[in-house]
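1. model the following, please.
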Amino acid sequence: MPQYTADADGETSLPPAFNSLPDSSTPLAQGEPRGAGENPLSRATAHLDAPLAVVDLQAFDANAADLVRRAHGKPIRVASKSVRCRALLERVLARDGFAGIMSFTLEESLWLARSGFSDVLLAYPSADRAGFAELSADPGLAAAVTVMVDDPVQLDLIDAARPAGAGEEIRVCLELDTSYQVLGGKVRVGARRSPLRTPAQLGALARAVARRPGFRLVGLMAYEGHVAGVGDEVAGKPVFSRAIRMMQAAARKELARRRWEAVRAVRAVAPRLEFVNGGGTGSVQHTAAEAAVTEIAAGSGLYVPRLFDNFRSFSGRPAALFAQPVVRRPGPGVVTVLGGGYPASGAAGADRLPEPYLPAGLRYDPQEGPGEVQTPLLGAAADGLAIGDKVWFRHAKAGELCERFAQLQLIDGDRVVATVPTYRGEGRTFL
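-> A predicted model of the protein is given here:
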């Protein structure tokens, strides 16, 4: 099987490969029309200076509808790390088919609960003692937030953080490791997340939670990132893509059986288990088909960043983009934009870089790539750009774009209809 890696969030990392240098091109004569604004994004934001970030609401809503279609009636819990904007979380949760938030830090969970979100599942264990103290002392927060546990020591940490006299019951979810392992575990595919792999291990921790006063087991989560976040139709790589599909088919079959058995083991201890969460943008329809799963997690499918272009089972519309201004024209076939060096997390590689998107035909200089303060872009399309024009990019991941911008311009058709803050724009930098 071809080698590849998946980061802790599940997205695949392909071998790095910068684009080759372009052929030389002839510069435009002085005064010749450049036409760089001839795309809907530039027309809609013609009155705004770049850098800026936008969300196309028509694409966002279409992507949301497609997620619901693929979920076949099971509710979708929105992964907030992939959105990082309260206004857009509210927008998608107002739609039929969506229910609840999957958060990424305890601090964020408490902030969202205080903001009126009533069902927040923290997807990762926390060591935030101050946060646990606040959670265990506030009835409203304790009712709205569910925390993730995969080790009894985490229960000890929560208990140690409780203020004297605080009696609120902490809602707990357990996480099942979903990695696909063969040859007795010598070969592993998938993110390194929970140490709980077998139904027996899940059952043992469920009993430990049940024995502890002050805790209530309400959920089970299993995120199959090696299926949900790894594209199975990579352009120009047919053999690699076939290998991915074979791996994913085997992994889905193995996980479906193990997840069913894990749910049985946990329900034997907690028969009133409220939810079993699974999936992700790339595996919605597969995970929804499992009887043991009661809800699906998804978030990246709303923005559709570039890492989600390589799936056979669905095709989303890019909804979140950012623009950088042209500030230099060093020569024929070259422009330089301000900033742009916004790599995504995960194993380093060219697929973690933003993609020059509009105008089409631009590519990075292989000697420089996207830079902290400037980014040269090569290609014949550069000769159609003037200083001050916008170049549009797609981020490799979804919500990480919002860590670079304080605001999102919401576009409907050919106009900006609202300006809303990102988490960072609200002064919230959770990670």
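
2. surely residue 188 is in contact with residue 197?
-> No: if you go by C-beta atoms under 8 Å, residue 188 and residue 197 don't touch, sitting 10.6 Å apart. Every residue, glycine included, has its C-beta placed from N, CA and C.

3. shared neighbours, those two?
-> Common contacts of residue 188 and residue 197 (C-beta atoms under 8 Å, 6 or more residues apart in numbering): residue 179.

4. which stretches of the stretch 251-400 of the chain form helices?
-> 284-288, 300-303 (DSSP state H, counting those that start in this stretch).

5. nearest to residue 103, out of those helices?
-> Across the helices of the stretch 251-400 of the chain, residue 103 has its closest neighbour in helix 300-303 (15.1 Å, C-beta to C-beta).

6. in the closest one, what's buried?
-> 300-303 (16 or more other C-beta atoms under 10 Å).

7. now those as a markdown table including distance to residue 210 and pLDDT?
-> A markdown table is the format used below for the buried residues of helix 300-303 (distance: C-beta to C-beta, whole Å; pLDDT from 0 to 100):
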| residue | distance to residue 210 | pLDDT |
| --- | --- | --- |
| 300 | 35 | 95 |
| 301 | 35 | 95 |
| 302 | 36 | 98 |
| 303 | 39 | 98 |
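
8. closest to residue 360 out of the helices of the stretch 251-400 of the chain?
-> From these, taking C-beta to C-beta, the stretch that ends up closest is helix 300-303, at 19.9 Å.

9. hang on, residue 75 packs against residue 98?
-> Yes: proximity of residue 75 to residue 98 meets the contact threshold set by C-beta under 8 Å, at 6.7 Å.

10. of these two, which one has the most company?
-> residue 98 (22 against 17; other C-beta atoms under 10 Å).

11. wait, that one touches residue 76, no?
-> Yes: contact status for residue 98 versus residue 76: in contact at 5.0 Å, counting by C-beta under 8 Å.

12. what residues are shared contacts of the two?
-> What both residue 98 and residue 76 touch, as defined by C-beta under 8 Å, 6+ apart, is the set residue 68.

13. remind me, longest strand of this protein?
-> strand 320-331 (DSSP state E).

14. report the distance from it to the chain centre.
-> 26 Å (C-alpha atoms, centre = their mean, to the nearest Å).

15. that strand - contacts with which helices or strands?
-> With contacts taken as 3 or more C-beta pairs under 8 Å, 6 or more residues apart in numbering; DSSP states H and E, strand 320-331 sits against helix 40-44, strand 52-56, strand 334-338, strand 374-378, strand 390-394.

16. strands paired with the fourth one, and their directions?
-> Think strand 374-378. Counting by DSSP bridges, the strands paired with strand 374-378 are strand 334-338 (antiparallel), strand 363-364 (antiparallel).

17. run a quick neighbour tally on residue 335.
-> 26.

18. which pLDDT value goes with it?
-> If you check residue 335, the pLDDT there is 97.

19. and residue 119, how many neighbours?
-> Neighbours around residue 119, by other C-beta under 10 Å: 18.

20. what's it in contact with, if anything?
-> 99-101, 144.

21. roughly how far apart are it and residue 281?
-> Residue 119 is 20 Å from residue 281, where distance means C-beta to C-beta, to the nearest Å.

22. cool, and residue 201?
-> 28 Å.

23. check residue 352 too.
-> 17 Å.

24. give me the more crowded residue out of those two.
-> residue 281 (31 against 23).

25. what pLDDT does the model give the more buried one?
-> 89.

26. so which strand or helix has residue 207?
-> Residue 207 is located in helix 199-211, with elements delineated by DSSP states H and E.

27. and that helix, what does it pack against?
-> Partner elements for helix 199-211 (3+ C-beta pairs under 8 Å, 6+ apart): helix 152-161, strand 170-175, strand 215-222, helix 238-267.

28. tell me which of the ones you listed lies nearest to residue 123.
-> That would be, of the helices and strands packed on helix 199-211 and by C-beta to C-beta, strand 215-222, which comes in at 6.9 Å.

29. list phi and psi for the residue lying closest to residue 428 once chain neighbours are set aside.
-> Counting by C-beta to C-beta, 6 or more residues apart in numbering, residue 428 lies nearest to residue 111, which is 6.5 Å off, once chain neighbours are set aside. Phi and psi for residue 111, reported as degrees, to the nearest 10, are phi -60, psi -40.

30. surely residue 111 meets residue 145?
-> No: Residue 111 sits out of contact with residue 145 when judged by C-beta under 8 Å, with a separation of 10.4 Å.

31. these two: which has the busier surroundings?
-> Comparing residue 111 with residue 145 by other C-beta under 10 Å, the one with more neighbours is residue 145, at 26 against 19.
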